[in-house]
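# model this:
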Amino acid sequence: MVMKSAGYEKGVRIISAAFAIDPTDPQWQDTPEDQEWLALMKNTMLWPTLPISRARLVYSYAQIMVAVLKACGDNLTRENVMKQAISLQNVALPMLLPGITLSTSATDFAPIKQMQLEKFDGATWRLFGEVIRAPAN
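As a prediction, this is how the structure comes out:
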């Protein structure tokens, strides 16, 4: 949205960093992950009531909760849910860029510790380089 307002031509060669796919970018459309998301959205009350970026964010939050609940197994106590939430290790989610995973610990609740550089080409963002991991605290 910002790029459109400023004028796409003015943003050519801008470099940024991302950890999630851009839901409006055609390069991610027609992937299995995108098709799964579209099927879910079309079969729920969320379609088309939420903006696409917010719907993807809600979907990602739900996917994190699914990962935590699966790790809990049959022990769905609050204590175990919290234990599993702070014990995520390299959890890949459909809306994250390839190679980006979530990890948490008892001393670090921030799940995203990686990013990918991207450059705007006038129409879309193009990933480049390797996935970068944030330095340990």
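
# I'd guessed residue 12 sits against residue 121; true?
Yes: with contact defined as C-beta atoms under 8 Å, residue 12 counts as touching residue 121 (6.5 Å). Yep, even glycine has a C-beta here, placed from its N, CA and C like the rest.

# which residue packs closest to residue 71, ignoring adjacent ones?
Closest residue in space to residue 71, ignoring its immediate chain neighbours: residue 84 at 4.0 Å, by C-beta to C-beta, 6 or more residues apart in numbering.

# apologies, that question was intended for residue 16.
With C-beta to C-beta, 6+ apart as the criterion, residue 16 has its nearest non-adjacent residue at 5.5 Å, and that residue is residue 118.

# okay, the one you found: pLDDT?
On the pLDDT scale, residue 118 is placed at 95.

# that one belongs to a strand?
Yes: Residue 118: assigned to a strand according to DSSP: H, G, I helix; E, B strand; the rest coil.

# bridging residues for it?
residue 16, residue 127 (DSSP bridges).

# distance of it relative to residue 66?
According to C-beta to C-beta, to the nearest Å, residue 118 stands 27 Å off from residue 66.

# higher neighbour count, the two?
More neighbours surround residue 118 than the other of residue 118 and residue 66, with 20 against 12 (other C-beta atoms under 10 Å).

# contacting residues for the more buried one?
Residue 118 makes contacts with 15, 16, 17, 18, 125, 126, 127, 128, as judged by C-beta atoms under 8 Å, 6 or more residues apart in numbering.

# quick check: the farthest pair among the residues you listed?
Greatest spatial distance among the contacts of residue 118 (C-beta to C-beta): 17 and 126, at 13.0 Å.

# nearest residue to residue 8 in space, ignoring adjacent ones along the chain?
Residue 8 sits nearest to residue 122 (C-beta to C-beta, 6+ apart), 5.3 Å away.
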